[in-house]
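*Asks:* Coordinates only, no sequence provided:
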């Protein structure tokens, strides 16, 4: 069920990317520019949260694939698990969250190192040929999905990030949030209060960040501010 849920989220996000949706569920964008959102993915308002969820789902899907092949399960089970795995990984790649992509790469390397040699040893010569053909087919499918879902968008974000990393406003937001941390204390300011509390510390700060900030883009630090040392 977790795999189906994650696969449906990833499929919705890919469909939104492919159709050029401007808002969640293809709603018209708000008239005000400051209320428009370009970081949504599927039903998630912020793409980083979607990427974190997909990184919890696709390793489970990979486990189902490994289990289906190692235990010689029925071909239907293999096909379903492979499809879910492809869709969820494609969702991570199409998602513009760079951290989600880094985490996915590290987890993928760990899975290959841990389970790859054993799977290869258990395959006969004919099965290895079939497995290689299957991997090539999966890669071709991933390329087709990437073209349809505008994979150039996350690639462009990586290129842009390398050019502006020193002037990223998130560094200013981070410094302002660190200044608010002592006042958070043991209990914090309360769950979901970051958007209200942050402007109080941002206005007039030596590191004042431009614009309005709904999220800190640093989940651990935002948790400390909202929930406090004891709550987090």
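*Replies:* Happy to help now that I have it. For clarity, every value in this text was computed on a predicted model and none was experimentally measured. Numbering: from 1, shown residues only.
*Asks:* tell me which element the residue nearest to residue 59 when sequence neighbours are not counted is part of?
*Replies:* What sits nearest to residue 59 in space, not counting adjacent residues and going by Cβ to Cβ, 6 or more residues apart in numbering, is residue 107, at 5.6 Å. The way it works is simple: take the backbone N, C-alpha and C, and place the C-beta from them, glycine included. Assigned by DSSP states H and E, residue 107 belongs to helix 98-122.
*Asks:* For that helix, the averaged confidence score.
*Replies:* Helix 98-122 shows a mean pLDDT of 84 in the predicted model.
*Asks:* buried set for that helix?
*Replies:* 100, 101, 103, 104, 107, 111 (16 or more other Cβ atoms under 10 Å).
*Asks:* quick one: the third one from residue 110, how far?
*Replies:* Distance check for residue 103 against residue 110: by Cβ to Cβ, to the nearest Å, it reads 11 Å.
*Asks:* residues near residue 228, how many?
*Replies:* Counted with other Cβ atoms under 10 Å, residues neighbouring residue 228 total 17.
*Asks:* list the contacts for it?
*Replies:* By Cβ atoms under 8 Å, 6 or more residues apart in numbering, the contact set of residue 228 is 184, 185, 186, 187, 188, 189.
*Asks:* Pass me the low-pLDDT residue ranges in this structure, would you?
*Replies:* For the chain, the stretches with pLDDT under 70 are 34-35, 72-74, 123-128, 130-131, 134, 142, 144-167.
*Asks:* domains of it?
*Replies:* Under automatic domain parsing, the residue ranges defining each domain of the chain are 2-160, 169-231.
*Asks:* Spatially nearest residue to the most centrally placed residue in the chain (excluding sequence neighbours)?
*Replies:* Among the residues of the chain, the one closest to the centroid is residue 51, at 1.3 Å (Cα atoms, centre = their mean). Computed as Cβ to Cβ, 6+ apart, the closest residue to residue 51 that is not its neighbour in sequence is residue 100, at 2.4 Å.
*Asks:* is it true that the one you found touches residue 92?
*Replies:* Yes - if you go by Cβ atoms under 8 Å, residue 100 and residue 92 touch, sitting 5.7 Å apart.
*Asks:* Quickly list what's touching both of the two.
*Replies:* Taking Cβ under 8 Å, 6+ apart as the criterion, residue 100 and residue 92 both touch 51, 54, 55.
*Asks:* need these in JSON lines with distance to residue 77 and secondary structure, can you?
*Replies:* Output for these, formatted as JSON lines (distance: Cβ to Cβ, whole Å; DSSP: H, G, I helix; E, B strand; the rest coil):
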{"residue": "51", "distance to residue 77": "27", "secondary structure": "helix"}
{"residue": "54", "distance to residue 77": "22", "secondary structure": "helix"}
{"residue": "55", "distance to residue 77": "23", "secondary structure": "helix"}
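*Asks:* What strand or helix carries the residue nearest to residue 214 when sequence neighbours are not counted?
*Replies:* Sequence neighbours aside, residue 195 is the residue nearest to residue 214 in space, at 5.3 Å (criterion: Cβ to Cβ, 6+ apart). Using DSSP H and E, the element containing residue 195 is helix 194-202.
*Asks:* immediately after that helix, which helix or strand?
*Replies:* Going C-terminal from helix 194-202, and assigning secondary structure by DSSP H and E, you next hit helix 219-231.
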